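[1] No sequence on hand, only this structure:
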């Protein structure tokens, strides 16, 4: 390609053999465990930025819509409602509890600030949907 018939040999170009061995090990490890799929990456972390940008655009639109009929009370009330709905949307999609409810504890009940036990786009929700979520056991000596 581009005038070369064969790829250059890194050892003949003066690279250290220890470095070359480390690079080969890293390549094998990367091929053995490639990481999350594009779908998992987008749902679990990539889409947070885009939806956050969408929230910002909606907030700016709500604020500027109250400039023509200038009404600061209406602006504050509608912005508070908008921020609350955005908080609920973020929690619905990405809420991850600090620790899982133990087995045998009461069933999760939605509240006005927490709609789901796990966010819809979290690894915990995927595991729970597949029936592979491992909850901690409650021991008698914990009390």
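    That came through, no problem. Remember, predicted model here, so these are calculated numbers, not experimental data. Numbers count the residues shown, from 1 in each chain.
[2] who's in contact with the longest helix anywhere in the chain?
    Counting residues, the longest helix found in the chain (DSSP state H) is helix 72-94. Contacts of helix 72-94 with the rest of the structure, by C-beta atoms under 8 Å, 6 or more residues apart in numbering, involve 44, 47-48, 51, 55, 58-59, 62-63, 66, 113-116, 119-122. Placement of C-beta: from N, CA and C, glycine included.
[3] which parts of the following helix or strand past that helix are buried?
    Later in the chain than helix 72-94, the nearest helix or strand by DSSP states H and E is helix 123-130. Neighbour counts using 16 or more other C-beta atoms under 10 Å place 125-126 of helix 123-130 among the buried residues.
[4] How far does helix 123-130 sit from its chain's centre?
    Counting by C-alpha atoms, centre = their mean, to the nearest Å, helix 123-130 is centred 14 Å from the centre of its parent chain.
[5] And residue 97, how far from residue 22?
    For residue 97, the distance to residue 22 equals 39 Å [C-beta to C-beta, to the nearest Å].
[6] Can you check what angle separates the longest helix of the chain from helix 123-130?
    Here the directions of helix 72-94 and helix 123-130 differ by 50 degrees (axes from the mean of the first three to the mean of the last three C-alpha atoms, to 10 degrees).
[7] pLDDT averaged over helix 72-94 - what is it?
    Helix 72-94 carries an average pLDDT of 94.
[8] Give me the buried subset of the contacts of helix 72-94.
    Burial by neighbour count, judged by 16+ other C-beta under 10 Å, picks out 44, 51, 55, 62, 66, 119, 121-122 from the contacts of helix 72-94.
[9] On the pLDDT front, check residue 140 for me.
    For residue 140, pLDDT reads 65.
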